[in-house]
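Peer 1: build me a structure from this.
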Amino acid sequence: MVAVLVVAGLPMQATAAELNGAVMTWPFALPFAGLLLSIALGPLLFARFWHHHYGKIAAAWALVTLAALTWNAGLGTALAAFVHALLAEYLSFIVLLFALYTVAGGILVTGDIKGTPTTNTAILALGTIIASVVGTTGAAMILVRPLIRANLTRSHNVHVLVFFIILAANVGGALSPLGDPPLFVGFLRGVDFFWTTRSLWLQTAIVAGLLLVIFAAIDAWRFRQERPEAETSETKQPVRVRGLINVVLIAAIVANTLVSATWKPGVSFDVYGTHLELQNLVRDAILVAIAGLSLWLTPDEHREANGFNWEPIREVAKLFAAIFTAIVPVIAMLNAGHDGSFGWLLNAVTTPSGAPREVAYFWFTGLMSAFLDNAPTYLLFFELAGGDPKVLMGQLGGTLAAISMGAVYMGALTYIGNAPNFMVAAIANERGIKMPSFFGYMLRAGAVLIPLFVLLTLLPIHPLLSAN
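Peer 2: Take a look at the predicted model:
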């Protein structure tokens, strides 16, 4: 952040030129690919070194990206792109995650919860339901710790966290702009707040319902393989929820986000070519204040009992700062359309007559969201489809549904598809559950999700076409 403030003091003339993705070729995407491979292979091949130096490794890939951009477009343009990525995209992203992580970490669920198939399915169902209200990050952070405690004594518990990431941290957030960042981007672009609720409830119910059935069957099978626990004469403690002030603070986060999207004072500040709107700055400041209130009002013993620490959000902050930087040339090349190295992508989602291919939009948006941040991926395909919210909510409702579902659902395919995925995995590892590697998780999630997504595109009543 110090670097950004220094950059803000540089002359403004250097920001006039924008990155020209049409003159970039695929090697400019190599730092981003290298960063993804580092995240995937680092914990697997050199876990101890990665744990101590992941921030430095991520920063190195970001610096390589900035060096390439400087060589291509000049120092001023490269710095302007860097400032835009951090202030216009990354800052609000990480502040919201920080606030939700802090506030949710103050909610303590106590009592004896046994990780039976019935209990686990109920927790996953609850997380799926509330994710569109408190956000996927909020739902994940509220429920992940009690879910871990309930299943710590089980020898087969990894699948519980994998399905929790899929449902509570991704699929459940498909029904409102508050649920998942890409839908909030659409809301800011003019998509009606309740459009996703009206248009995606059937598809989400189909996917979430089938996932819960599959999970219940797998968990029941795994539970039968567990050694029976020894009977104890200790009195079981009833389930209680403490730190309820944080529920009020989560409501404040939701209200603050809504107000920032509707209040348009028309005031903005220019920081090295990046326009920062007043409502967004006020929103982020209030989010930080809400997090501070949570730390002040919540007894320390609640967070201690939760095993709360800052490492998961610190890891997300460092890695995603690098991701938002390294993705800059990739997004520039994508935005170049037919003239860029990814011009084939526009041809793939459009018929020769210019009509959108909805199934192609679903799969391309989804698969790219699994490896890129799903919010800019959503925005990219939103613009490829014309960018007019009235048209996309009307005659092209199926296209907007395809983009929305792809961005939200397929964010569950990898740890980096959506920020809560990484946070849940980090917390589980901290608490003693050995989560799969990057590729191990991807294989597990893909084995469950890809057949469901194929089904979603082949149903007799085509869900992608029923969203008008």
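Peer 1: residue 384: neighbour count?
Peer 2: For residue 384, the number of neighbouring residues by other Cβ atoms under 10 Å comes to 21. For glycine as for every other residue, the C-beta is placed from the backbone atoms N, C-alpha and C.
Peer 1: I'd like to know how far it sits from residue 288.
Peer 2: 35 Å (Cβ to Cβ, to the nearest Å).
Peer 1: OK, contacts around the spatially most central residue of the chain?
Peer 2: Per Cα atoms, centre = their mean, the C-alpha nearest to the average position across the chain is that of residue 418, at 2.4 Å. By Cβ atoms under 8 Å, 6 or more residues apart in numbering, the contact set of residue 418 is 136, 169-170, 180-181, 374, 411-412.
Peer 1: which one of those residues sits closest to residue 249?
Peer 2: Lowest distance from residue 249 to the contacts of residue 418 (Cβ to Cβ) belongs to residue 136, with 17.6 Å.
Peer 1: all strands of this structure, in order?
Peer 2: 108-110, 240-242, 268-271, 274-277 (DSSP state E).
Peer 1: neighbouring strands - and their directions - for the first one?
Peer 2: So that's strand 108-110. The strands beside strand 108-110 in its sheet (DSSP bridges) come out as strand 240-242 (antiparallel).
Peer 1: just the buried residues of the strand it pairs with, please?
Peer 2: Within strand 240-242, the residues that qualify as buried are residue 242, counting by 16 or more other Cβ atoms under 10 Å.
Peer 1: looking at that strand now, give me its mean pLDDT.
Peer 2: For strand 240-242, mean pLDDT rounds to 81.
Peer 1: and for stretch 321-336?
Peer 2: Taken as a whole, stretch 321-336 has a mean pLDDT of 85.
Peer 1: could you work out the end-to-end span of that stretch for me?
Peer 2: By Cα to Cα, to the nearest Å, the extent of stretch 321-336 from end to end equals 24 Å.
Peer 1: about what we covered before: the strands of the chain: which one's closest to residue 20?
Peer 2: Residue 20 lies closest to strand 274-277 among the strands of the chain, at 18.0 Å (Cβ to Cβ).
Peer 1: mind checking the pLDDT average for that closest one?
Peer 2: Per-residue scores along strand 274-277 average to 84.
Peer 1: please apply the same query to stretch 33-51.
Peer 2: Across stretch 33-51, the average pLDDT comes to 82.
Peer 1: identify each buried residue in it, please.
Peer 2: Using 16+ other Cβ under 10 Å as the test for burial, stretch 33-51 gives 34-36, 38-40, 42-43, 50.
Peer 1: related to what we said a few turns ago, what's the distance between the residue nearest to the centre of the chain and residue 115?
Peer 2: When residue 418 is compared with residue 115 (using Cβ to Cβ), they lie 24 Å apart.
Peer 1: what does residue 321 give?
Peer 2: Distance, residue 321 to residue 115, using Cβ to Cβ: 35 Å.
Peer 1: cool, residue 216 as well?
Peer 2: Per Cβ to Cβ, residue 216 is found 13 Å from residue 115.
Peer 1: was I right to think residue 147 contacts residue 120?
Peer 2: Yes. Under the criterion of Cβ atoms under 8 Å, residue 147 makes contact with residue 120 at 7.2 Å.
Peer 1: overlap in contacts, the two.
Peer 2: Between them, residue 147 and residue 120 share these contacting residues under Cβ under 8 Å, 6+ apart: residue 160.
Peer 1: what's the closest non-adjacent residue to residue 431?
Peer 2: residue 148 (4.9 Å; Cβ to Cβ, 6 or more residues apart in numbering).
Peer 1: okay, now the one you found: neighbour count?
Peer 2: Residue 148: 23 surrounding residues under other Cβ under 10 Å.
Peer 1: and what of residue 129?
Peer 2: 15.
Peer 1: quick check: closest non-adjacent residue to it.
Peer 2: Leaving out its chain neighbours, the residue that sits closest to residue 129 by Cβ to Cβ, 6+ apart is residue 172, at 6.7 Å.
Peer 1: so who does the one you found touch?
Peer 2: Going by Cβ under 8 Å, 6+ apart, residue 172 touches 127-132, 136, 139, 179, 204, 208.
Peer 1: out of those, which sit inside helices?
Peer 2: Counted as lying in helices by DSSP state H, out of the contacts of residue 172, are 127-132, 136, 139, 204, 208.
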